[in-house]
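Chemist: Please work out how this folds:
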Amino acid sequence: GVAGSVDLGAREYRRSAIDDAAFAIAGYYASRGYPFCTVEYEVYETPRAGARAGFAVTEGPRTRLARVELNGNAAYSEENLLAFLDVPEADGERLYVKRAVDNAARAIAAYYYSEGYLDVRVAQPAVELAPDRRSAQVRIDVEEGVRYRLTAVRMEGDPFPAPDWKGLVGKEDELDTKTS
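Modeler: Numbers count the residues shown, from 1 in each chain. Now for the predicted structure:
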């Protein structure tokens, strides 16, 4: 693990700020492929500096993303849809970052929706971890639904009032004020 401390300065401190710092440290490690990282801390007083917080980080195993599988995607290739998956790499291997996998599922749903699949359902990614937690396999199920297309727009009546050209230009006879 990793250990470190932070000088809190004054004798009074907010425990929520220390909780937030521990959460941020764990989030940083998770974003680098350590989804099982834990951060513990202890607050102690020092005669000169006041309160200090000591953090102990247990990284846990780095988890690589062994496989991502899409099921139910007929309209778009797996290759095209997995372009939405933006995960870091280390030593030439993709790393498992839960937030990135979840963001990819949301981006896939948004893409389908933008292409007319208004009833699309993209399931929460299913993650299967190896017993040693060093690799993860992810499955994302897609229910495309029907693709809707706008084929025509028909307007009746006069939805817009005729413009008042006279107020915009000085001489009436210089403009064709007919509207159709």
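
Chemist: Got phi/psi on residue 146?
Modeler: Phi and psi for residue 146, reported as degrees, to the nearest 10, are phi -90, psi 140.

Chemist: does it really touch residue 119, like I thought?
Modeler: Yes: the criterion here is C-beta atoms under 8 Å, and residue 146 meets it with residue 119 at 6.3 Å. C-beta: built from backbone N, CA, C; applies to glycine.

Chemist: After whichever strand or helix holds residue 16, which helix or strand is next?
Modeler: For residue 16, the element it lies in under DSSP states H and E is helix 15-30. Per DSSP H and E, helix 15-30 leads on to strand 38-46 as the next helix or strand towards the C-terminus.

Chemist: Direction included, what does the next helix or strand after that following strand pair up with?
Modeler: Next helix or strand after strand 38-46 toward the C-terminus (DSSP H and E): strand 50-58. When pairing is defined by DSSP bridges, strand 50-58 lines up against strand 2-7 (antiparallel), strand 38-46 (antiparallel).

Chemist: between those, which gets the lowest average pLDDT?
Modeler: Mean pLDDT is lowest for strand 2-7 out of the strands paired with strand 50-58, coming in at a mean of 58.

Chemist: I'd like the distance between the residue nearest to the spatial centre of the chain and residue 140.
Modeler: Taking C-alpha atoms, centre = their mean as the criterion, residue 103 is the residue nearest the geometric centre of the chain, at 3.5 Å. Per C-beta to C-beta, to the nearest Å, residue 103 is found 12 Å from residue 140.

Chemist: So what's the residue count around the closest residue to residue 23 other than its chain neighbours?
Modeler: For residue 23, ignoring the flanking residues on the chain, the nearest one in space by C-beta to C-beta, 6 or more residues apart in numbering is residue 39 at 7.7 Å. Residue 39 has 21 neighbours, counted by other C-beta atoms under 10 Å.

Chemist: just residue 163 next, same as before
Modeler: 10.

Chemist: Report the secondary structure state of it.
Modeler: Three-state assignment for residue 163 (DSSP: H, G, I helix; E, B strand; the rest coil): coil.

Chemist: Ok, residue 128 next?
Modeler: strand.

Chemist: quick one: buried residues of stretch 50-66?
Modeler: For stretch 50-66, a neighbour-count test (16 or more other C-beta atoms under 10 Å) marks 51, 52, 53, 55, 57, 60, 61, 62, 63, 64, 65, 66 as buried.

Chemist: now the first one, which residues is it bridged with?
Modeler: What that stands for is residue 51. Listed beta-bridge partners, residue 51: residue 45 (assigned using DSSP bridges).

Chemist: distance of residue 74 from residue 100?
Modeler: For residue 74, the distance to residue 100 - C-beta to C-beta - is 25 Å.

Chemist: circling back: just put the buried residues of stretch 50-66 in a markdown table and tack on pLDDT.
Modeler: Converted to a markdown table, the buried residues of stretch 50-66 look like this (pLDDT from 0 to 100):
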| residue | pLDDT |
| --- | --- |
| 51 | 76 |
| 52 | 81 |
| 53 | 86 |
| 55 | 95 |
| 57 | 97 |
| 60 | 96 |
| 61 | 97 |
| 62 | 97 |
| 63 | 98 |
| 64 | 97 |
| 65 | 98 |
| 66 | 97 |
